[in-house]
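In: make a model of this:
(2 chains)
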Amino acid sequence: MAVAFWILAVVSVAAGIVVFVVDSMARATFALLASLLAVGAAFLLIDLEYLGVLIILMMVMEMLIMAVFMIMYMMNPAGLMPMKMVHNNRGAVIISGAVFVLLTAGIFLTSWPQRRGEPPADPTRELGMAIMGSKMLVMMVIGVAILATMISTVVLATHRGRYDRYGEDLKRRRPLDPGPGQGPGLPAAEHHHGHGSCGSPDPREESG
Amino acid sequence: MTLQSFLLLGAALFAVGLYGALSQQSIVMLMMGLELMINGLIVAGGAFWYFLAPETADGQVLVLVAITVMALEMAMGFAVVTALFRAREVDLTDEAKDLKG
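Out: Coordinates of the predicted model:
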C-alpha cells in the first residue's frame, strides 16, 4: 500500500512537472491527465472508491476536450520547434519553491488531531446520504453554479452577431478597444465606419 | 501511508501548479497550472477525510466540490480565452494586461 502510494505520488508530481517542460501543448494536456489519474488511483488506496473512479472518468473526458482546445490555441503544432514561453521564470521558481517549503514545514510541524472514528463500511453510501440529506444545500449551490457557467460560457464564446448593434438605427458597430494590442490595426476610415465613440471626429459621421 | 505523506503530495502538486500559473505566457497553459493546484487541494481534502474525520462525509463533499470547481474553471477559462481571441486575436497574458495597475 505504502509502496503503491509513493509510486503514484512520484508519477503524479513528475507528470505535473512534465506539463511545463514538453514542447507541445497537446502532450502537456496528456501529462496533466497522467497526473490526475495518479491522484485518482491514490484515492482508491484510502477507501474513496467512488471519488477515485469519478476523478479518473471525469478527468479522462475533461482532458480529451481540453486537448482539442489546446490544439486550437497551439502556436507550435506537433512540438516541432522548441517552445519556451515563460515570463519571470526565476521569480516563479522562487515563489513556488518558497510556497512548497512553507507548506511542507506546516505539514510536519503541525500537531494534527487524532483520528475521530473509523471509515464506514461503505463511504459511497455515506456520501450519497450526505448530499441527499444534510449537505443538500452544497449540491444545490453547485447545480446553480454549473448552470451559470453553462450560460456564461455560451454567452462568452459565441460569435458576436446580430445583438452587437448599437446606436438609434442599430447600424453602429461595437466600439473598438482603446487599449494596445487590439489585433490587426484598422485604417482610419474603416475604424470610424459606424461608430463615433473613440473621441476623434469623423467627417463621414452623420449624426452624433 | 500517513496524513503527512498525502499532504506532501498535495503541497508538491500545488507548488508545481503555482509555478505554471505564474510563469506561463499562454493563457491556456496558465489554466493547466490552476488545474494542477486544484489537484493538490483534492489530494489534501481526501487525506483529511480518511486520516482525521472519516466518520462524517464532510471531507468527501469537499472533494466533490473541488472536482466540480475544476471542471467549471476549465470551461470558464476556455470561454474567456475564446472571447479574448475573437475580440483581439490575443492568447498571451502579456498582451492582455490593460488593467494592470
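In: give me the element the residue sitting nearest the centre point of chain A is part of.
Out: For chain A, the residue nearest the mean C-alpha position is A:Met66 (9.1 Å; CA atoms, centre = their mean). A:Met66 belongs to helix A:49-73 when assigned by DSSP states H and E.
In: tell me the first helix or strand C-terminal of that helix.
Out: helix A:89-109.
In: ok, the residue nearest to the centre of chain A to B:Gln24 distance?
Out: 15 Å (CB to CB, to the nearest Å). Backbone N, C-alpha and C define where each C-beta goes, glycine included.
In: now do B:Ile42
Out: On the measure of CB to CB, B:Ile42 and B:Gln24 end up 21 Å apart.
In: hey, which helix or strand in chain B has the poorest pLDDT?
Out: Lowest by mean pLDDT, DSSP states H and E among the helices and strands of chain B is helix B:58-88, with a mean of 88.
In: and that one, what does it pack onto?
Out: Judged by 3 or more CB pairs under 8 Å, 6 or more residues apart in numbering or on different chains; DSSP states H and E, helix B:58-88 is in contact with helix A:49-73, helix A:123-131, helix A:136-157, helix B:27-51.
In: grab the nearest non-local neighbour of residue 56.
Out: Using chain A here. Excluding the flanking residues, the one nearest A:Ile56 by CB to CB, 6 or more residues apart in numbering or on different chains is A:Gly40, at 4.0 Å.
In: you answered for a different chain; I wanted chain B.
Out: B:Thr56 sits nearest to A:Ala130 (CB to CB, 6+ apart), 7.4 Å away.
In: residues near the one you found, how many?
Out: Residues contacting A:Ala130 under the criterion other CB atoms under 10 Å in any protein chain shown number 19.
In: hang on, the earlier thing: quick one: which of the helices and strands packed on helix B:58-88 is nearest A:Arg115?
Out: In terms of CB to CB, the element of these nearest to A:Arg115 is helix B:27-51, at 6.1 Å.
In: from the chain's centroid, how far away is the closest one?
Out: 5 Å (CA atoms, centre = their mean, to the nearest Å).
In: what do you get for stretch B:2-9?
Out: 19 Å.
In: any idea how chain A splits into domains?
Out: Domains of chain A are assigned by automatic domain parsing as A:1-77, A:122-154.
In: mean pLDDT for the ones you listed - can I get that in a markdown table?
Out: Below are the domains of chain A laid out as a markdown table (pLDDT from 0 to 100):
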| stretch | mean pLDDT |
| --- | --- |
| domain A:1-77 | 88 |
| domain A:122-154 | 91 |
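In: pick the most deeply packed of the ones you listed.
Out: domain A:1-77 (a mean of 19; mean count of other CB atoms under 10 Å in any protein chain shown).
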